[in-house]
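In: let me see the structure of the following:
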Amino acid sequence: MSTNYANFRTAAVLGAGVMGSQIAAHLANAGLTVWLLDMPAPQCPKSALVQQAFGKMLKMKPSPVVTDAVASRIFTGNFEENLDVLGKADWIIEVIIEQMDAKKSMMARIEQHARPDAVISSNTSGLPIQEIAADCSAGFRKRFLGTHFFNPPRYLKLLEIIPTPDTDPEITNRVSHFGRVHLGKGIVHAKDTPNFIANRVGTYSMMLTFGFLEKGYSIEEIDLLTGQLTGRPKSATFRTADVVGLDTLTYVSKNLYKAIPNDPDRGVFRVPDLLLKLVEQKALGAKTGRGFYFKDGKVIKSLNPKTLSYKAPAELNLGDLSAIQKQSLAKRWEALFGEEGRAGDFIREHTTRMIAYAMNRIPEISDFPRDVDLAIQWGFGWQMGPFAICDAIGPVRFSQEAGKRGLDLPLWFRKMLADGDYLFYKQKEKGLDLHYVPGSGYKPIEAQADELSLAAIKASGKDKEVWSNPEAALIDAGDGVLIYEFRSKANTLGFNVINGVFEALEFTEKGDWRGLVIANDGENFSVGANLGELAHAALSGQFDMIEKAVHNFQKAALAIRYAQKPVVNAIRGKVLGGGVELTMGAASVVAATETYMGLVELGVGLIPAGSGTMTMVARAGETAPTQHPSHIQPFLQKVFETIAMAKVATSGQQAVDFGYLTQEQTRIAMNDARRIYMAKEEVIRLSNQGYIAPPVRHRVFVPGKPGFAPLQNAAWQMQQAGWISEYDAYLATRLAHVMCGGELLGPEYVQEDYLIDLEREVFLSLLGQEKTRARIESILKTNKPLRN
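Out: Got it, this is the predicted structure:
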């Protein structure tokens, strides 16, 4: 498939409800100019309703927008006065009420105003796509398709694309490419069937659990067995239902039940009396404060399905599952399927029926079992889809359980077993992944050329790992590029990882290499320093060793900045504390949109001391319009508040706003699967340009004592406002001491080493404080910050 498609630069979203407003926000996140339109208000101003919806969207948590500036790219209007703007839109997305007549009427109005080259799509979650545009011209239908986003659009990866028989394949490919690259979506092509793929199978799995309530399983027991234990979101089944809304779940199930008269398992979608009673009582879930769960003060109570009253958490009657919880997900499924107690009874019954249902929907909803798995993974947050779960259990074992229950399995699956093919996924030589396609056998899983992972690189051939220690490795990524990979728990930065930085840089500079990428495949780039190592050394009184380790960390961060060959960091997820400091000095940074970055050291009673404080101070001076102290002080103030309040950016774009990254060094990967590829390409680009490391900072402005008082006052004001504790305020003054240059009486320019030494001195002094040790202990024991 070609990738030379014209990008969408403008879009119109018709319908400003919860989904429409968030889709508009995510298109704006990608840089598009967006018009968001809805019904006119009965009284003037006509756009009052859409403006109200737009305002609600901006207040949502988590935020649909990546930075506050995104809102300026969205313009509001109404269907009565502003449909002419459709003539400016490259892509028009209809997100109005789920009624066929209303959608058909809207398509007719769109056709009157849209450009002849505009792409038009509907975000319906279940109505027949082809029928929506059936009354439009042939030219219109060529440019029309279904684009089913999942809620919330910024955070859920799945985008189901549903072409009709009339849709031009080039339109399908263009939207697919844009969705994957620029919106960060996982694309699954679905057939035009009721509820498409993810909602058809995912809703079946949810509705199936209601029968187990009648068998004596509690709400909490079912949520345990359909939650993180089995590789699904923490919200599991009933908490998810509360978040979605029990009225919404009822609506979806009713409509699906009507739409699938020939589905043998149609009865599962019949809305149970329990759900109808809850909706009747306005117990709709999170939106009304009660549903399957109810928060009574600080206690979260669950519903008693028989009495419809709420009860405090009770001990679960599922046996001891602790040993199973420690295993890998595939092993957990294997063990749970064989468990002899009530947990095993549930897993065997529920999982066997769910997998059988998914199998029997092929080829109705999709020709490919893998696409069903991907849709469920990306749309419902499962780590493994039905067919991957079947592999973990064992297809033969699954078939036997299905037989015991009298479940019909499709001919293609029975033939698969008869042919001796016992897995849906296999690995061939050189790590080539294969997936089973009914009627065709095993086919290669085609990787996107612009997506890259370390696992794929290492699986592509031997001798890819050119150096390693117990917690890090250096990987040959090809084309003269090396990748330095962390392998520690949560990618913490301990002695081995930091020492490995020096090894990686030396190996890169001495060999015939273009440069280095620092990256890993973990969900989080790094949660920061290894506090366990730090606490152990502090309790043992090994402060000389700590001082050397901190100094070594500082030198590693600076070595990345001053490396003679370009170093590019590819980051995503949590990038905290030392993870920020090892990233700040990179020649370039490829940050996934979902990057959560912050210097959070004050939360554990310390200050950034891996060159982070120095770098932030230096950048304040470099950003100011002039070098006059009065012009630099506001920028220092912002830096001070950012570090003192341990602010964490909630996107890669916001990390630039907070000053953790610079605009010049940062590239954003809307699709985090592309970040390592982009980082590799960035190394090649910098190398080809003739990379020169930045000069050493010999003149870092510090305000001295005159600048300390405003920062001290800011700390006092934050404490008075209740934003920080008394000890936080003390820590903030120690931070201010470093930022202002220590005991300097007036403004001066200092060497960067001067500030680095101050960082280390204050860091070590705070490590001796009892309250700091209590904070570190709290993180290590409970993973929760202590505000003492």
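In: so E748 sits right up against Y754, yeah?
Out: No. Applying CB atoms under 8 Å as the test, E748 and Y754 come out as separate, 9.3 Å apart. In this view, the C-beta of every residue, glycine as well, is placed from N, C-alpha and C.
In: the two: who's more crowded?
Out: Y754 (17 against 14; other CB atoms under 10 Å).
In: contacting residues around that one?
Out: Counting by CB atoms under 8 Å, 6 or more residues apart in numbering, Y754 touches V700, G741.
In: quick one: the helices in the stretch 551-700 of the chain?
Out: Assigned by DSSP state H, counting those that start in this stretch, the helices in the stretch 551-700 of the chain fall at 578-584, 612-623, 629-644, 652-657, 675-688.
In: deepest-packed of those helices, please.
Out: Ranked by mean neighbour count, the helices of the stretch 551-700 of the chain are led by helix 578-584 with a mean of 29 (mean count of other CB atoms under 10 Å).
In: between the helices of the stretch 551-700 of the chain, which one is closest to F54.
Out: Ranking the helices of the stretch 551-700 of the chain by their distance to F54 (criterion: CB to CB) puts helix 652-657 first, at 19.7 Å.
In: which helices and strands does that closest one pack with?
Out: strand 588-598, strand 666-669 (3 or more CB pairs under 8 Å, 6 or more residues apart in numbering; DSSP states H and E).
In: A709: which of these is closest?
Out: It is, among these and with distance given as CB to CB, strand 588-598, at 26.3 Å.
In: deepest of the helices and strands packed on helix 652-657, which one?
Out: The highest mean neighbour count among the helices and strands packed on helix 652-657, using mean count of other CB under 10 Å, belongs to strand 588-598: a mean of 26.
In: a markdown table for the helices of the stretch 551-700 of the chain, including mean pLDDT?
Out: As requested, the helices of the stretch 551-700 of the chain are arranged in a markdown table below (pLDDT from 0 to 100):
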| stretch | mean pLDDT |
| --- | --- |
| helix 578-584 | 98 |
| helix 612-623 | 96 |
| helix 629-644 | 94 |
| helix 652-657 | 98 |
| helix 675-688 | 98 |
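In: out of these, which gets nearest to R200?
Out: Taking CB to CB, helix 675-688 is the member of those nearest to R200, at 31.8 Å.
In: which positions within stretch 351-368 qualify as buried?
Out: 351-362, 365-368 (16 or more other CB atoms under 10 Å).
In: same question for stretch 514-525.
Out: R514, G515, L516, V517, I518, A519, N520, D521, G522, N524, F525.
In: equivalent analysis for stretch 280-299, please.
Out: A283, L284, G285, A286, T288, R290, G291, F292, Y293, F294.
In: which SSE is the nearest residue to the fifth one once chain neighbours are set aside in?
Out: With sequence-adjacent residues excluded and distances taken as CB to CB, 6 or more residues apart in numbering, T288 is closest to K282, at 5.6 Å. Element membership of K282, judged by DSSP states H and E, is empty: it is in no helix or strand.
In: skipping adjacent residues, who's closest to A138 in space?
Out: Excluding its sequence neighbours, the residue lying closest to A138 (CB to CB, 6+ apart) is D166, at 7.1 Å.
In: thinking again about what came up before, who touches both of E748 and Y754?
Out: Counting by CB under 8 Å, 6+ apart, the shared contacts of E748 and Y754 are G741.
In: tell me who's in contact with D450.
Out: T3, V181, R674, Y677, M678.
In: any idea how far G478 is from the nearest residue to the fourth one once chain neighbours are set aside?
Out: Read it as Y677. With sequence-adjacent residues excluded and distances taken as CB to CB, 6+ apart, Y677 is closest to L452, at 4.0 Å. Distance from L452 to G478, counting by CB to CB, to the nearest Å: 10 Å.
In: who's more crowded, the two?
Out: L452 (25 against 13).
In: can you tell me the SS state at that one?
Out: Following DSSP: H, G, I helix; E, B strand; the rest coil, we place L452 in the coil state.
In: phi, psi of it?
Out: In terms of degrees, to the nearest 10, the main-chain angles of L452 are phi -150, psi 140.
In: what about this protein, any weak spots by pLDDT?
Out: Scanning the chain for pLDDT under 70 picks out 1-3, 429-432.
In: ok so Y484 is a strand residue?
Out: Yes. Y484: assigned to a strand according to three-state DSSP.
In: contacting residues around the helix or strand where E506 lies?
Out: Counting by DSSP H and E, the element that carries E506 is helix 495-510. Residues external to helix 495-510 that are found in contact with it (CB under 8 Å, 6+ apart): 466-467, 469-474, 482, 484, 486, 488, 491, 513, 515-516, 518, 530, 533, 549, 552-553, 555-556, 559-560, 563-565, 567, 582.
In: could you rerun that using 6 Å?
Out: 467, 469-472, 474, 482, 484, 486, 488, 516, 552-553, 556, 559, 563-565 (CB atoms under 6 Å, 6 or more residues apart in numbering).
In: ok, of the residues you listed, which come out buried?
Out: Buried among these (16+ other CB under 10 Å): 467, 471-472, 474, 482, 484, 486, 488, 516, 552-553, 556, 559, 563, 565.
In: if I look at Y155, how far off is A490?
Out: Distance from Y155 to A490, by CB to CB: 21 Å.
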